[in-house]
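Trainee: I would like the atomic coordinates for the input below:
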Amino acid sequence: QVHLAESGGGLVQAGGSLRLSCAASGGTFSSYGMGWFRQAPGKEREFVGSITSSGGRTSYVDSVKGRFVISRDNAKNTVYLQMNNLKPEDTAVYYCAAAVRGGSAWIPRYDYWGQGTQVTVSS
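Mentor: Residues are numbered from 1 along each chain as shown. This next block holds a predicted model:
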C-alpha cells in the first residue's frame, strides 16, 4: 500500500509563491507516474500537472503553464509542485496522486491519493 502525504500549503498573497511537497511511503515510488490535482469549493477536482516516473517529462493544464513546475526526487520518494505568480483562482485543496501504469490528466488513471493540502491566495 502506498501512502502519500502533501505538505507546504498555506495562505499567500497574489503574486507570491509556494512549494508543495508530496512524500511517498510504501510501493516503488520511482516507477510511478505522479500527478497534482486541485479542487476548489463547489468545483470538481481538476488536473494541474503530471510527471513521468523518471522525471523526464512533465505536462500541465494551460492555466498554470509558465507559473507552476513539477519535479521529483526519487531518492527522497518525493514529488514537488513549485507554484509561482499565484492568483486568487489558484485557491484550492491540492492533492498529489500516484499512477502505477503512468500518469495522465485522467483521474481514474491514478491508484493512490494523498489527503490534500489547502492553498489560499488572497487578492
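Trainee: residues in contact with V69?
Mentor: By CB atoms under 8 Å, 6 or more residues apart in numbering, V69 lies in contact with 58, 81-82, 84. C-beta coordinates here come from the backbone N, C-alpha and C atoms, glycine included.
Trainee: how about A14, what does it touch?
Mentor: Taking CB under 8 Å, 6+ apart, we find A14 in contact with 86-88, 121-123.
Trainee: What's the local residue count around the nearest residue to it once chain neighbours are set aside?
Mentor: Nearest non-adjacent residue to A14, counting by CB to CB, 6 or more residues apart in numbering: S123, 5.3 Å away. The number of residues packed near S123 is 9, by other CB atoms under 10 Å.
Trainee: isn't S123 right next to P88, touching?
Mentor: Yes. In this structure, S123 is within contact of P88 by CB atoms under 8 Å, at 4.8 Å.
Trainee: tell me, what residue is most central in the protein?
Mentor: The centroid of the chain falls nearest to W36 when counting by CA atoms, centre = their mean (2.5 Å).
Trainee: Excluding covalently adjacent residues, which one is nearest to that one?
Mentor: Leaving aside its sequence neighbours, W36 sits nearest to V48 (CB to CB, 6+ apart; 4.2 Å).
Trainee: Contacts only, for that neighbour.
Mentor: Residues near V48 by CB under 8 Å, 6+ apart: 35-38, 60-61, 64, 68, 81, 94.
Trainee: Assumed the residue nearest to the centre of the chain was part of a helix.
Mentor: No. Assessed with DSSP: H, G, I helix; E, B strand; the rest coil, W36 is strand; it does not lie in a helix.
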